[in-house]
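K.L.:
Below are the sequence and a predicted model for it; my questions follow.
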Amino acid sequence: MTGDPLQDLLREADATASEPPTGPADLTSAVLRLARRRQRVRRVVGAGSATAALLIGLGLAVSNWDALVGSSPGGPVVTMSDTQEQEQRLRREIADLRARADAAEALAQRMITLGRRRADLAALERKLRAPDPLESARQQLDRTPAIMVRSAVRLQHEYGLVASAAEAYRRTMNLFPDSPWAQVARRRLLEIDDDQSKEMGNEHANPTMRSERRACGPRFPARLGGREQHRGVRA
Amino acid sequence: MTDRSAAALPRPAPGGRPATSDCADDDLRSRIAAGDRAALERLIEQHRPRVTGLAYRLLGWPDEVEDVVQDVFVSALTNLGRFRGDCALSTWLTTITVNACRSRRRRLRSWATRWLGLGDTDATVGSAPPGSGGSGPTITKIETFDHVRQAVQALPVKYREVVVLRYLEQMPVPEIGRVLGLTRDTVETRLSRARRRLRDRLSGFVEASQE
């Protein structure tokens, strides 16, 4: 605060303005490049102007040759003031040419900048059109309980890995309790429990069957063992 | 008051001059003249934030100032031989920046007149009426500051330059005189007239900020 309300207001307004855009990181190279280009343009314009001046000068000399050579005491004489006027006119023309060249260069610069901006804008639009990674991750997450339940069903029915299937159902219920697939998993788990209790009851009723089961190995075999056993049963 | 730090914008140290001595300036100048790229890099590194900030304010906080900043350093590089060393390098660069901004505005104005059929582009920028109904309770601070910037932008160039250099760049009056090639009295007269114009346009906001 300076105590001057107008000054304070100006400073605050300046401080709330957005930050000035940052230019190219390697400004030195850009400056050197631009300086070299301008030097070249100046050389070309300078050479062109000098040639034009020379031609105009020659033209004037030729047109006034008679007056210069065959000048009689009473004839037309080229004075110093005429030459100075011509020189000034030439200078004005040269300055005009330079100004036009500068204006053309400035316009070209603006067009280049505009083109660059358009390209940046197009790139941004392409980026915006691409699918949102967060959204696709969310969709993937929504599909996960369904995939887990389907895998568990395959474990249970195709490979006979009932314990692994039960574990997968339990995991689905724990990880996605609000998903409708949690209900499916719960139902399947109950079915497995019912099947097991029924089988246990049958074994108690038929000791021969129990002895056969013992001969075949454990009820819930390991993954590979179960698979082989299942295939063996099918065969 | 805003909580935005002043460091967010590239601002020079108060007094408007990077902390380099005249000897260092001379050394830098002679090395650049000898074609030392590292010296040019150092010059740009030292003065770029200040030049960018000044051009940004003089041109009315536009979206793009990099062209002007490049122009300033190209002019400095090209005309380094003409720098007599009778002022600090930073003052000289400030003069170049002011001139580059003037040229830029002139070019834009002539371009707008020729191709778009617009008149004075400066006059169109600050055409919103900020002063009269501006102090109402619904106007937020952001809008207020927007109006203030527009009011500065609407000032004639000769007033805007002194306002920016004095109040935003915090440059002393004699140095402003050196940069703009004016006497101290002229600078003070311009400042006084610029203040009067700003007060007229921003009367409501100035009073509100006092309360």
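P.N.:
In hand now; what should we look at? Numbers count the residues shown, from 1 in each chain, chains lettered A, B, ... in the order given.
K.L.:
Please name the residues that touch the spatially most central residue of chain A.
P.N.:
Here the mean C-alpha position of chain A is nearest to the C-alpha of A:Lys127 (Cα atoms, centre = their mean), at a distance of 5.2 Å. Contacts were defined as Cβ atoms under 8 Å, 6 or more residues apart in numbering or on different chains; by that measure A:Lys127 touches no other residue. The C-beta positions use only the backbone N, C-alpha and C, and glycine is treated the same way.
K.L.:
Check A:Ala25 too.
P.N.:
Contacts here follow Cβ under 8 Å, 6+ apart; on that basis A:Ala25 touches nothing.
K.L.:
for it, helix, strand, or coil?
P.N.:
Assigned with DSSP: H, G, I helix; E, B strand; the rest coil, A:Ala25 falls in the coil class.
K.L.:
ok so, going back, need the pLDDT of the residue nearest to the centre of chain A.
P.N.:
A:Lys127 carries a pLDDT score of 79 in this model.
K.L.:
Where does it fall, secondary structure wise?
P.N.:
A:Lys127 is part of helix A:80-129 when elements are defined by DSSP states H and E.
K.L.:
same question, B:Leu182
P.N.:
In this assignment (DSSP H and E), B:Leu182 forms part of neither any helix nor any strand.
K.L.:
what number of residues lie near it?
P.N.:
The tally of other residues near B:Leu182 (other Cβ atoms under 10 Å in any protein chain shown) stands at 18.
K.L.:
how much space is there between it and chain A?
P.N.:
20 Å (Cβ to the nearest Cβ, to the nearest Å).
K.L.:
In contact with that residue, which residues?
P.N.:
For B:Leu182, the set of contacting residues under the criterion of Cβ under 8 Å, 6+ apart consists of B:Ile176, B:Arg190.
K.L.:
next helix or strand past the helix or strand of chain B with the lowest mean pLDDT?
P.N.:
For chain B, scoring each helix and strand by mean pLDDT, DSSP states H and E identifies helix B:121-125 as the least confident one, at a mean of 43. Reading on from helix B:121-125 to the C-terminus, the next helix or strand found by DSSP H and E is helix B:141-154.
K.L.:
packing partners for that next one?
P.N.:
The criterion is 3 or more Cβ pairs under 8 Å, 6 or more residues apart in numbering or on different chains; DSSP states H and E, and the helices and strands that helix B:141-154 contacts are helix A:5-16, helix B:121-125, helix B:157-163, helix B:184-201, helix B:203-210.
K.L.:
quick one: low-confidence parts of chain A?
P.N.:
Where chain A drops to pLDDT under 70, the residues are A:1, A:65-79, A:203-235.
K.L.:
hmm, try it at 90
P.N.:
Counting by pLDDT under 90, the ranges of chain A that qualify are A:1-143, A:146, A:150-151, A:153-163, A:178-180, A:193-235.
K.L.:
Around chain B, which positions in it sit nearby?
P.N.:
Listed as neighbours of chain B in chain A under the rule Cβ under 8 Å from any Cβ of the partner chain: A:5-24, A:27-28, A:30-32, A:34-35, A:38-39, A:103, A:106-107, A:109-110, A:113.
K.L.:
tell me the contacts of the closest residue to B:Leu40 other than its chain neighbours?
P.N.:
Excluding its sequence neighbours, the residue lying closest to B:Leu40 (Cβ to Cβ, 6 or more residues apart in numbering or on different chains) is B:Ile32, at 5.2 Å. Contacts for B:Ile32 were tallied using Cβ under 8 Å, 6+ apart; they are B:Ala39, B:Leu40, B:Leu43, B:Leu77, B:Leu80.
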